[in-house]
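*Asks:* Fold the stuff below for me.
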Amino acid sequence: MITNPDTTIAASGLHKGKGRRIALRRFMHNQLLTTGAGILLVVVLLVIIGPLLTPYGPLQIDPVNRLKGPNGQHIFGTDNFGRDVFTRAVYGLRISVAVGFSVTVVSSLIGMIVGLLSASYSVLDHIFMRICDGLFAFPSILLAISIMAALGPNPGNVIIALSIIFIPSMARIIRSKALVIRELTYIEALHAQGASSWRIIWIHMAPNTLSPLIIQSSFIFAVSILTEASLSFLGAGIPSPSPSLGNMLFDGKTVIYNAWWMTVFPGIFLMLVVLGLNLFGDGLRDLLDPHANKVKRGRRRGKTTAA
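*Replies:* Below is the predicted model:
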């Protein structure tokens, strides 16, 4: 039977177009994902064009207008040094997003490498997992404060400290997924055909761990932003006078009854970015992990039946 190449190409194009429409429909019907994406879009726009919306600098002091409430000149008011709160909140949001993104990339890459190697080599598994157990033994915020006390407060050291905290959790997740993949038939067939271990790990196993990696990365992004704000609030993160949502909240706590805007508006920015990332992560989990989504629907049906 002779097939027409043009017909085959057209059919392939139709299948691709249908696949895109199905993916778009699943995305649009996922309320958590669309809501999170909308909030994150607002955050990204604030990060990119926010500095263009204000004529003030983040470190510009105006003692005459200190502790002024929201008005036409300063829409979020001014702080105890006369600095524009909106400007500092936007720049603080940029720093938080940059730190969170850097921590997510570093912890995801190193965690993926550690998890795959642990699942593939028993000797490395014992070494890496015992190190992870040791890091899990410390509360994350206390471990971060300890590392920052040793390294000193600056953005680079914040990224290092938070990456050390989140690498173990990422490594555990990737390791558990890789252990399942390692027992699949096609992996055994590759071993039987003489494929090298490194080829099996990085060409065949690593791509199949991307789904949990992406999902967990969104949550690490959110928690790292929150932890950075906590460190800055405690004086162990981004040092003043550099704008950070955490040290802005610290500056506002002493005058919260007289200048509520110093605390409320940075808190809203922090809430928006963390809420958006959490909703986006939950939506990604439903989209990329159908099994978990089926389990969730089954639990909801069980509760409805019991009611």
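*Asks:* Quick one, grab the pLDDT at Ala11.
*Replies:* With respect to pLDDT, Ala11 has a value of 44.
*Asks:* in the protein, which segments are predicted with low confidence?
*Replies:* 1-24, 26-27, 289-307 (pLDDT under 70).
*Asks:* Tell me where it has helices.
*Replies:* 5-29, 31-49, 85-120, 122-136, 140-151, 155-182, 185-192, 197-199, 210-233, 245-253, 261-288, 290-306 (DSSP state H).
*Asks:* To Gln73, which of these lies closest?
*Replies:* Closest to Gln73 of the helices of the chain is helix 85-120 (C-beta to C-beta; 10.5 Å). Every residue, glycine included, has its C-beta placed from N, CA and C.
*Asks:* Remind me what the closest one packs against, helices and strands.
*Replies:* helix 31-49, helix 122-136, helix 155-182, helix 210-233, helix 245-253, helix 261-288 (3 or more C-beta pairs under 8 Å, 6 or more residues apart in numbering; DSSP states H and E).
*Asks:* JSON lines for these, including mean neighbour count?
*Replies:* Listed next are those as JSON lines, based on neighbours: other C-beta atoms under 10 Å:
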{"stretch": "helix 31-49", "mean neighbour count": "16"}
{"stretch": "helix 122-136", "mean neighbour count": "14"}
{"stretch": "helix 155-182", "mean neighbour count": "21"}
{"stretch": "helix 210-233", "mean neighbour count": "22"}
{"stretch": "helix 245-253", "mean neighbour count": "23"}
{"stretch": "helix 261-288", "mean neighbour count": "21"}
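*Asks:* Now tabulate the ones you listed in a markdown table and tack on distance to Glu188.
*Replies:* Shown next, in a markdown table, are the helices and strands packed on helix 85-120 (distance: least, C-beta to C-beta, whole Å):
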| stretch | distance to Glu188 |
| --- | --- |
| helix 31-49 | 36 |
| helix 122-136 | 17 |
| helix 155-182 | 9 |
| helix 210-233 | 22 |
| helix 245-253 | 50 |
| helix 261-288 | 26 |
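*Asks:* looking at those, which is closest to Val64?
*Replies:* Per C-beta to C-beta, nearest to Val64 of these: helix 261-288, 17.4 Å.
*Asks:* From Leu279, how far out is Gly38?
*Replies:* 9 Å (C-beta to C-beta, to the nearest Å).
*Asks:* what does Ala98 give?
*Replies:* Ala98 is 21 Å from Leu279, by C-beta to C-beta.
*Asks:* And for Arg172?
*Replies:* For Arg172, the distance to Leu279 equals 24 Å [C-beta to C-beta].
*Asks:* what do you get for Arg182?
*Replies:* To Leu279, Arg182 is 33 Å away according to C-beta to C-beta.
*Asks:* and if you look at Val44?
*Replies:* Counting by C-beta to C-beta, the gap from Val44 to Leu279 is 15 Å.
*Asks:* just Leu270 next, same as before
*Replies:* 15 Å.
*Asks:* related to what we said a few turns ago, out of the helices of the chain, nearest to Ile61?
*Replies:* Ile61 lies closest to helix 85-120 among the helices of the chain, at 11.4 Å (C-beta to C-beta).
*Asks:* can you give me the angle the closest one makes with helix 155-182?
*Replies:* Helix 85-120 and helix 155-182 meet at an angle of 40 degrees, taking axes from the mean of the first three to the mean of the last three C-alpha atoms, to 10 degrees as the criterion.
*Asks:* What sits closest to Leu275 if chain neighbours are left out?
*Replies:* Leaving out its chain neighbours, the residue that sits closest to Leu275 by C-beta to C-beta, 6 or more residues apart in numbering is Ile39, at 6.2 Å.
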